[in-house]
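Student: Sequence and computational prediction follow.
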Number of protein chains: 2
Amino acid sequence: MNCGSTESIDVFFNAKSVAIYGASASQNSVGASIVQNFIKPQYTGKVFAVNPKYKQVLGIPCFPTLQDIEDPIDLVIVAVPARITPRVFEDIAAKGVKASIIISGGFSETGPIGTELENEVVDLAKKHGIRIIGPNCIGVVDTLSHIDTFFLPEYRCGRPKPSNVANISLVSQSGAFAAAISDWTSELGLGVSKLISLGNKCDVDDDDLLCYLADDDSTQVICYYTEGYDQDKGRTFFETASRVTPHKPVLVVKSGRGQKAKAAASSHTGSLAGSDKVADAAYRQSGVIRVDNFEHMFDAAKALAMQHAALGDRVLMVTNGGGLGVMTTDALEAAGLAIPSPSNELTQIYKERLPAYCAIGNPIDVVGDADSTRYDIVFEEAIKSGEYDMFVVGMLLQTPSLSMEITNVIANHQRQSGLPFVVVSMGGGFTTKAGEIMELMGVPTYATGEKAAFAAKALAQYGEIKYGDEFNKTIISDKP
Amino acid sequence: MNCGSTESIDVFFNAKSVAIYGASASQNSVGASIVQNFIKPQYTGKVFAVNPKYKQVLGIPCFPTLQDIEDPIDLVIVAVPARITPRVFEDIAAKGVKASIIISGGFSETGPIGTELENEVVDLAKKHGIRIIGPNCIGVVDTLSHIDTFFLPEYRCGRPKPSNVANISLVSQSGAFAAAISDWTSELGLGVSKLISLGNKCDVDDDDLLCYLADDDSTQVICYYTEGYDQDKGRTFFETASRVTPHKPVLVVKSGRGQKAKAAASSHTGSLAGSDKVADAAYRQSGVIRVDNFEHMFDAAKALAMQHAALGDRVLMVTNGGGLGVMTTDALEAAGLAIPSPSNELTQIYKERLPAYCAIGNPIDVVGDADSTRYDIVFEEAIKSGEYDMFVVGMLLQTPSLSMEITNVIANHQRQSGLPFVVVSMGGGFTTKAGEIMELMGVPTYATGEKAAFAAKALAQYGEIKYGDEFNKTIISDKP
């Protein structure tokens, strides 16, 4: 899709040369932490420090101004006190750099004097065509290019990794959340391409990144954390979203539903939290899927990143544990999905091919002593019948009768049918490992029936957004 | 409290000598797996195998019948085909054993012939005063005595550990869930005392265990998974629960809320699922806290096991991340808890003692550069003021300014005030480790604001159950 030029944004993620304004050698300082990130071998671009106080910082050359650097600079990271930022921007303009991340706080979030400073910087930037992320933010982590301006040490704040299967990118209004999510996803096994902390959004905003990420091949799902929108910027964002969402799923956590939280959000970011109901309606109309919290976001994002959107809402639940079948079906029903029983014809086939003590229905319980062959039969016949749009597969691995062959069976049917599969596998170490293997094969795997049901719901929700009136029609030309 | 004699139940968890009927040497068999559990050095009682086919099984002596064993036997584990179980019970009776776990299936869950067999066994047991857990179950895991009849190998199905701080015990109608939960809790860091899979409940049922666990010092919270009750047994259970719940929290996951799930539950256990609404009302009346799923159960149980019940529903949220404050407050508000702003007087004190850029309200945002001193001030003054019944503490550790001293500050205020504290700490490796340390100090710690809010809600819910009309009164004589 085409949102307009995204070249001016791309440099934030793919700068080949970076200058750190306010680079510092003093331990634990923001300036030192950022230099530390860029001198790791993973970042292959050129790095320069700018600070009149030093000749070098952590072994890299340090210059009094940008203009003292001979090489061209793609991106300037600004970590100097707010009051000298206008002077820094004159230097940026003189050097002809077109992109800057202002990490420093002390701008519009602090009151009138800060707002004046921020306006001064914005005016300078506009005049010289310089794009700005920030101020008052922690900037960007790109797990592919290794641009990393998060000034938090890795022993406290882990960085996520990209996955070979599928990745999400996340845009956060809150820097603390961006950091916490970086740290959280570093251990979650969810592939992440980019994390962006927007801060005061004096220039680059949610909308710019929506356009950019819509066309970014390394981002399969776009995620947002927001506490509110300016009225005008909100409108633009939702217009863009309407064009993006049929092509790529967009998820949002918007806080401030309640009164207390709204007041807190307003004091936290200084932005007007606005009517939550208005935002809710706008999300729905523009095809943005709103979720209640980050756990839901990650659960939904994983499914949407790995699987096709569902062509309809008819789910078949298959399980080797009766209780798990009951619990998951409860959650599927609560999520508003259809759980049709197999037709008489399909039931007959199952009765012929499965042991008599299997419970044929929806859920189908292939029973605790099942090996993967029973699952294979269930998938083969259900797919042939055309009676289902989606499969939720309960895979309890505590009993040794179910070998790891089950992961091949699931992955093969998923690949051949193109239909979405979601796996639920409750347990400990062996189960976790099996889940990781399942996900390397492209099938999202969850620790509880509720999470799996939530993921299935997201695949159906996105199917409705993507296919519109064609959703829940049996024959769809656009079938993946 | 006193439910009646629980001596006949105690032997299931503290048997000093165990005989395994149907012990077998053939790999992966149920009989072999159970013997395997008991020959681990952790179990310090005597173990005997019973099977006419062998002289010994996995190195332990094997006898043709129980009567061939000279030592007295406390508990017999039965893993023989259903049809020969009556004969086994004659041997059990003759030996004078008073407790048996029937692992084998093939009884009432399979139809009329199985029901007849089950009745025959029950009649024999009643006549000779033998208590039975099962049939059609996986039995018992006791993490303290190391009684372990789960016939699933540990590489597939991990076993939980007891905690020095507090433990839960769980009674499950479903064997597969009991196994999955054993495996899950083995990696969850939640202390577990006992897991019991009840199967067909031909004798020992939910009510017997409720009585027993109510008086069990190693169980701080009693948890159930159930798919339904017989009408009579249900009534007895709820009567007992009314007496237990003011002394010890009881949590239940009952599946089969929806129509589809109810049908599946009925086919799974053969028991009538009954009206879910009736069960819901009975839980409320008897002070049993019903939760939607196991994640909620474990989150609530952890808080209830580690903390006192709340004396009222007034929560103060403290955070070093604005976004986390907003999200958590949203969840607290949605949970129906009171989130009163600090009084003018308390606000004034905070303004004097905290930096000007901290946001005083509820949540109180001590801001990203906070060290533990700011939290200390917040707790000290809030406790002194008497304006709050409970604390939810946001502790983002991505920034090095917050040292691990914060865990001491939280634990000390919790201990000195006796008020419940719940911590939310989002992140990866360092955060997880810090959470473990926090919990060793007795303060439950959660990965998201929603989980922390859910835990706070459970502490208030249980406060209402425990204190009745005294809940939400400022002065309570029964103050812990």
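Tutor: Right, received. Where do you want to start? Residues are numbered from 1 along each chain as shown, chains lettered A, B, ... in the order given.

Student: Can you show me the strands along the stretch 351-480 of chain A?
Tutor: Here the stretch 351-480 of chain A has its strands, by DSSP state E, counting those that start in this stretch, at A:364-365, A:390-394, A:421-424, A:445-446.

Student: what sits up against the longest one?
Tutor: The one in question is strand A:390-394. Applying Cβ atoms under 8 Å, 6 or more residues apart in numbering or on different chains, the contact partners of strand A:390-394 are A:310, A:312-321, A:324-325, A:328, A:332, A:337, A:363, A:375, A:379, A:382, A:410, A:413-414, A:419-425, A:449, A:452-453, A:456, A:459-460. For glycine as for every other residue, the C-beta is placed from the backbone atoms N, C-alpha and C.

Student: List the strands paired with it, with their directions.
Tutor: Here strand A:390-394 is paired, per DSSP bridges, with strand A:315-319 (parallel), strand A:421-424 (parallel).

Student: Mind checking what helix or strand follows the first one in sequence?
Tutor: Which is strand A:315-319. For strand A:315-319, the following helix or strand on the C-terminal side (DSSP states H and E) is helix A:322-334.

Student: okay, the angle between that next one and strand A:315-319?
Tutor: Interaxial angle of helix A:322-334 relative to strand A:315-319 (axes from the mean of the first three to the mean of the last three Cα atoms, to 10 degrees): 160 degrees.

Student: Helix A:322-334 close to chain B?
Tutor: Yes. Residues of helix A:322-334 are located near chain B by Cβ under 8 Å from any Cβ of the partner chain, namely A:322-327, A:329-334.

Student: what comes up buried for that helix?
Tutor: If you call a residue buried by 16 or more other Cβ atoms under 10 Å in any protein chain shown, then helix A:322-334 has these buried ones: A:322-334.

Student: mind putting those in TSV, pLDDT included?
Tutor: Formatted as TSV, the buried residues of helix A:322-334 follow (pLDDT from 0 to 100):
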residue	pLDDT
A:322	89
A:323	90
A:324	94
A:325	94
A:326	90
A:327	92
A:328	96
A:329	95
A:330	93
A:331	95
A:332	97
A:333	95
A:334	94
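
Student: Show me where chain A dips below the pLDDT cut-off.
Tutor: Applying pLDDT under 70 to chain A flags residues A:1-2, A:4, A:261-262, A:264-274, A:474-480.

Student: ok, longest helix in it?
Tutor: When chain A is parsed with DSSP state H, its longest helix is helix A:449-467.

Student: so what does that one touch, helix or strand wise?
Tutor: Helix A:449-467 sits against strand A:289-291, helix A:294-306, helix A:322-334, strand A:390-394, strand A:421-424, with contacts defined as 3 or more Cβ pairs under 8 Å, 6 or more residues apart in numbering or on different chains; DSSP states H and E.

Student: what's near enough to touch the closest residue to residue A:389 other than its chain neighbours?
Tutor: Once flanking residues are discounted, residue A:389 sits nearest to residue A:312: 3.8 Å by Cβ to Cβ, 6 or more residues apart in numbering or on different chains. The contact partners of residue A:312, by Cβ under 8 Å, 6+ apart, come to A:338, A:389-390, A:460, A:463, A:471-474.

Student: List the contacts of whichever residue of the stretch 1-150 of chain A sits closest to chain B.
Tutor: Proximity to chain B, evaluated over the stretch 1-150 of chain A using Cβ to the nearest Cβ, is greatest for residue A:28 at 6.2 Å. Applying Cβ under 8 Å, 6+ apart, we find residue A:28 in contact with residue B:400.

Student: try it again with 10 Å
Tutor: Contacts for residue A:28 were tallied using Cβ atoms under 10 Å, 6 or more residues apart in numbering or on different chains; they are A:151, A:153, B:399-401.
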